[in-house]
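Asks: One predicted model, sequence on top.
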Amino acid sequence: LLVSKEFTEPFDSPIAYGKYIASLANMLGEGVLVQRLGDLLDGRRTTHKRLERSLLQPS
C-alpha cells in the first residue's frame, strides 16, 4: 500500500497515523498483507501459490 500524503500544520503524529492505516489494511485483508517485490515489479498480485514458491520464511 503506497500512498503520499501532505499534512497541514500542526501534525505531530505521522507514525501513529501510519500504524492506524496499516491496521485498517490488515483488517480489510483479513490478515497481514504480503506483496513480493517481483510481483510488484510485474504489476500483479502475490497469490498464495506464488508465496509458497518464494524464499520467504515466516517469522
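Replies: On my side now, so go ahead. Numbers count the residues shown, from 1 in each chain.

Asks: immediately after the longest helix seen in the chain, which helix or strand?
Replies: In the chain, taking DSSP state H as the definition, the longest helix is helix 14-28. The C-terminal neighbour of helix 14-28 among helices and strands, as given by DSSP states H and E, is helix 37-42.

Asks: who touches that following helix?
Replies: Contact with helix 37-42 is made by 45, 46, 50, as judged by Cβ atoms under 8 Å, 6 or more residues apart in numbering. Placement of C-beta: from N, CA and C, glycine included.

Asks: Return the distance of the closest residue to residue 45 other than its chain neighbours relative to residue 50.
Replies: Nearest in space to residue 45, with sequence neighbours left out and distances taken as Cβ to Cβ, 6 or more residues apart in numbering, is residue 39 at 6.5 Å. Using Cβ to Cβ, to the nearest Å, residue 39 is found at 6 Å from residue 50.

Asks: that older thread, what's around the residue nearest to residue 45, how many residues?
Replies: Residues lying near residue 39 (other Cβ atoms under 10 Å) number 16.

Asks: follow-up on the earlier one: any idea of the mean pLDDT in the longest helix of the chain?
Replies: The predicted model gives helix 14-28 an average pLDDT of 87.

Asks: That one: how far from the chain's middle?
Replies: Put simply, helix 14-28 sits 9 Å off its chain's centre (Cα atoms, centre = their mean, to the nearest Å).
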